[in-house]
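Peer 1: Let me see the structure of the following:
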Amino acid sequence: MIRVLHTTMSLGSGGVERLLADLLPLFDRRRVEAELLLLKEEGFRADDVRREGIRVRTLNGTGWGDLSLPLRFRRFLAEGDFDVIHAHLTWPAALAAVFKGRSRLVWHVHDMGESLSGAHLAAERALMGRADRVAAVSEAVAQAVRLRVPRASGRIRVVPNGIRTGMTVDRPGHSGPPVIGFVGRLDEPKKGLDVLLRSIRRVAAARPAVRFVIAGDGPSAAGLRARAEEWGLSGFIEWRGEVRDVPALLPTFDAFVLPSLWEGVPIALIEAMDAGLPVVATRVGGVPEVVVDGETGRLVPPADEERLAAAILEMVDSPSVRRAWGEAGRIRVRERFDVRNTARALESLYEEVLTRGSPTARLKKGDL
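Peer 2: Numbering: from 1, shown residues only. As a prediction, the model looks like this:
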């Protein structure tokens, strides 16, 4: 039995959080005993994970300024005697690299890195060499890590994100105009929602009956709503706020749009395809590893409002294309992006790291 501690910041509404909530109960408990440590607040998914029989604990930290958090984290690891520490996101991974002791470390990278601060980038360069393996959610993310931290290259393994497929409810039929939906954190500029609003102006001018739903919350929510109102788009957009039951919402859409400027492999995109939705998405990060242009949706360049609007109109005007691409996307996700496959891949990774290991790299002058 391999004792594995997963650690991240909290267990709220983000993609990493959704992945962990789906993933942790699916490990083969004859092979892996998984626990979860949260550095900050618990978040609403914590009780869901507990109900699956997974132990969840939290350090209730307050962020970078909480000087007691590293000490409490070190004490927790020292008392836990874990075989593997599996750390998600840079701050938990950096702490684990410093305090892992005899435990093996899997440093999990979920994004391309464009939004990393200077401090996070410095932590990666200084400490990722202490990881025994680096898990990347896509080939694109793996390549980005190789460029940022070349000495970690030999330890990188691609482990695609996944979801519990087949969880969506049946799509209700409706005779009204097409509904184009977005689900995700309202976090600019990463999600490209300002570009989406500009595209909605173009779509509304050409097809005024089309409606959009934007579901999610985040630091950019108020500004985006104000901009939409300023541009006269209030009648075309329904703002749903944070949605906890995404699989129940997706079947109310006719197509899904993801206008991000950068991404790893977004969980919401995989969920949309599992729901049988055709997608319009930007060709960034790991997105082209999920969406096949012209087969499961349409890929467009990032920050191109004209091309994004044209792709949305293509969906609006072609119900038969929507149906064909949606079904093809559903099949692709269930074959390639089921979280059960993610669990099996990680079980093998834990066994690999314990049997083969890797030397802990010494920090070199100039790594910072």
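Peer 1: who are the neighbours in contact with residue 339?
Peer 2: Residues counted as contacts of residue 339 (CB atoms under 8 Å, 6 or more residues apart in numbering) are 19, 22-23, 26, 161-165. Heads up, the C-betas are built off the backbone N, CA and C, glycines and all.
Peer 1: Look up how far residue 132 lies from the nearest residue to it once chain neighbours are set aside.
Peer 2: Leaving aside its chain neighbours, residue 339 sits nearest to residue 162 (3.5 Å; criterion: CB to CB, 6 or more residues apart in numbering). When CB to CB, to the nearest Å is applied, the distance between residue 162 and residue 132 equals 23 Å.
Peer 1: The two: which is more packed in?
Peer 2: Set side by side, residue 162 and residue 132 show more neighbours around residue 162, with 25 against 22, by other CB atoms under 10 Å.
Peer 1: Was I right to think the more buried one contacts residue 18?
Peer 2: No: assessed by CB atoms under 8 Å, residue 162 is found out of contact with residue 18, at 10.6 Å.
Peer 1: buried set for stretch 282-298?
Peer 2: Neighbour-count burial for stretch 282-298 flags 282, 284-291, 296-298 (criterion: 16 or more other CB atoms under 10 Å).
Peer 1: typed the wrong thing, it's stretch 62-74
Peer 2: Applying 16+ other CB under 10 Å to stretch 62-74 flags 69-70, 73 as buried.
Peer 1: Let's have those residues in a markdown table, adding secondary structure.
Peer 2: Shown next, in a markdown table, are the buried residues of stretch 62-74 (DSSP: H, G, I helix; E, B strand; the rest coil):
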| residue | secondary structure |
| --- | --- |
| 69 | helix |
| 70 | helix |
| 73 | helix |
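Peer 1: what does whatever helix or strand residue 196 lives in rub up against?
Peer 2: Using DSSP states H and E, residue 196 sits within helix 193-206. Here helix 193-206 makes contact (CB under 8 Å, 6+ apart) with 180, 182, 186, 188, 210, 212, 214, 220, 224, 227-228, 231, 233, 236-237, 257, 259, 261, 302-306, 308-309, 312-313, 316.
Peer 1: Please convert the buried members of those into ChimeraX selection syntax.
Peer 2: Taking 16+ other CB under 10 Å as the burial criterion, the selection of buried members of the contacts of helix 193-206 in ChimeraX is written as:
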select :180,182,186,188,210,212,214,220,224,228,233,236,237,257,259,261,302,303,304,305,308,309,312,313,316
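Peer 1: Out of the contacts of helix 193-206, list just those in strands.
Peer 2: 180, 182, 212, 214, 237, 257 (DSSP state E).
Peer 1: Could you find which two of those residues are furthest from each other?
Peer 2: Longest distance between any two of these is 11.9 Å, between 237 and 257; criterion CB to CB.
Peer 1: So which bits of the helix or strand of the chain with the lowest mean pLDDT are buried?
Peer 2: Lowest mean confidence among the helices and strands of the chain (mean pLDDT, DSSP states H and E): helix 246-249, at a mean of 90. Residues of helix 246-249 classed as buried: 246-247, 249 (neighbour count, 16+ other CB under 10 Å).
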